[in-house]
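1. sequence below, structure please.
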Amino acid sequence: MRTTEETDGFDGEASNTSMISGASSPYQPTTEPVLSRNLLGGVRFDPEYLKSYFGILKVVEVTLSLIGFICIETIMMCSPCSGVYFFEFVSCSACVVTGVLLLIFSFNIHTKVPHINWSFTDLVNTAASTLFFFLSSLILVCINHNTGSEIAAVIFGFLVTCVYGINTFLAVCKWRRGRGCRGATQTSDYIRARTASRGEMEARPELA
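-> Here you go, the predicted structure:
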């Protein structure tokens, strides 16, 4: 049977061996704080966006789309109902999608997802909404029963079509400016790289 001193010595050697092996291990524990990767960690409300042209247009679009949807929902009887159902779908979809984009831009959520081209996404939404609102309003003009709800829906449908059209024009201009800036940056980087490469060739003529 081992004595107490032998046992203590054995424990000390085992502890030293564990410390040495731990020091040589590439997987060391760290005390550095782990950065939070929460997507919504830095979300903040940006009132300046609501004061911009795009913010004001989106608020108007959501409001007019919602009013048009409410007007079309008050229709109790229709025959045929294809025009009513189409306008109902377009107004509801445009109100929801535009409202979501309004929240994304107002709370700077788009800065947390930079791999999505938000300018192009906004452009697609406004262009599609312009087209479908125009078609649905035109169909409702041709297929209606001259009720007050249908007339009101048509009026708000053409109004929101004009607003979406203006937004589409501004979105196209913004998207083109963004592409122009990226193209200029890439060209500048290419010229800088070519200049640096020529400088190395001139400094080291033996490589020529």
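
2. distance-wise, check the nearest residue in space to residue 91 that is not next to it in sequence relative to residue 61.
-> In space, and not counting its chain neighbours, residue 91 is closest to residue 69: 4.0 Å by CB to CB, 6 or more residues apart in numbering. All C-beta atoms are positioned from the backbone trio N, CA, C, and that covers glycine. To residue 61, residue 69 is 12 Å away according to CB to CB, to the nearest Å.

3. ok, residue 129 next?
-> According to CB to CB, residue 129 stands 7 Å off from residue 61.

4. sorry, back to before: okay, the residue nearest to residue 91: pLDDT?
-> We have a pLDDT of 97 for residue 69.

5. between residue 69 and residue 61, which one's more packed in?
-> residue 61 (27 against 21; other CB atoms under 10 Å).

6. ok, residues contacting the helix or strand hosting that one?
-> In this assignment (DSSP states H and E), residue 61 forms part of helix 53-73. Identification of contacts with helix 53-73 by CB atoms under 8 Å, 6 or more residues apart in numbering yields 49-50, 84, 87-88, 91-92, 94-95, 98-99, 101-102, 105-106, 122, 129, 149-150, 152-153, 156-157, 159-160, 163-164, 166-167, 170-171.

7. from the contact counts, what lies against whatever helix or strand comes next after that helix?
-> Per DSSP H and E, helix 53-73 leads on to helix 82-106 as the next helix or strand towards the C-terminus. Secondary-structure packing of helix 82-106 (3 or more CB pairs under 8 Å, 6 or more residues apart in numbering; DSSP states H and E): helix 47-51, helix 53-73, helix 118-142, helix 148-203.

8. not counting helix 82-106 itself, show me its contacts.
-> Outside helix 82-106, the residues touching it (CB under 8 Å, 6+ apart) are 45-46, 49-50, 54-55, 58-59, 61-62, 65-66, 68-69, 72-73, 75, 78, 109-110, 118, 121-122, 125, 129, 132-133, 135-137, 139-140, 142-144, 150, 153, 157, 160, 164.
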